[in-house]
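Colleague: Give me coordinates for this.
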Amino acid sequence: QVQLVESGGGLVQPGGSLRLSCAASGSIYSSYVMGWYRQAPGKQRELVALITSGGITNYADSVKGRFTISRDNAKITVYLQMNSLKPEDTAVYYCNADRMVGGVRYNYWGQGTQVTVSS
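Modeller: A predicted model of the protein is given here:
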């Protein structure tokens, strides 16, 4: 079993910054692909950013140049540095861990942390 616990959300003014953290525990290994997703009210959950165990990253077009995903494999923790925040970034942000082993997919979600961008 894997547990993911997000932290760092909150209320920030447009143009501000926040840093989200996701601490993983349980039967999780550095081989997992870690990601951040978000879901705004009335919208589907969408990918924000992914990072592989080797540090390869992928970002949604809407956050490129503003958000940075990173990970600490020793601590099994993933971060999302969010700069130049916009009101449209308001959403619940979820951490995800994913890997495929022998044809079996292991996928886990955190409980989410609220990010609100408003003046």
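Colleague: Make sure residue 47 is indeed in a helix.
Modeller: No: the assignment for residue 47 (DSSP: H, G, I helix; E, B strand; the rest coil) gives strand, which keeps it out of a helix.
Colleague: That one contacts residue 60, correct?
Modeller: Yes: Residue 47 lies in contact with residue 60 (C-beta atoms under 8 Å); the separation is 5.7 Å. For glycine as for every other residue, the C-beta is placed from the backbone atoms N, C-alpha and C.
Colleague: what comes into contact with the strand ranked longest in the chain?
Modeller: When the chain is scanned for its longest strand (criterion: DSSP state E), the result is strand 91-101. Residues outside strand 91-101 that contact it (C-beta atoms under 8 Å, 6 or more residues apart in numbering) are 2, 4, 6, 9, 20, 22, 24, 28-29, 31-40, 43, 45, 48, 78, 80, 105-115.
Colleague: Check stretch 40-58 too.
Modeller: 30-39, 59-60, 63, 67-71, 73, 78, 80, 88, 90-94.
Colleague: Can you show me the strands along the chain?
Modeller: Taking DSSP E as the test, the strands found in the chain are 2-7, 10-12, 18-26, 33-39, 46-51, 57-59, 67-72, 77-82, 91-101, 104-109, 113-117.
Colleague: can you put those strands in TSV and add mean pLDDT and mean neighbour count?
Modeller: Shown next, in TSV, are those (pLDDT from 0 to 100; neighbours: other C-beta atoms under 10 Å):
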stretch	mean pLDDT	mean neighbour count
strand 2-7	94	17
strand 10-12	98	14
strand 18-26	94	18
strand 33-39	97	22
strand 46-51	98	19
strand 57-59	98	15
strand 67-72	96	18
strand 77-82	96	22
strand 91-101	95	19
strand 104-109	94	12
strand 113-117	98	18
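Colleague: And the residue of the chain positioned farthest from its centre, how far from residue 53?
Modeller: For the chain, the largest distance from the centre (C-alpha atoms, centre = their mean) belongs to residue 102, which lies 25.6 Å off. Look at residue 102 and residue 53: by C-beta to C-beta, to the nearest Å, they are 17 Å apart.
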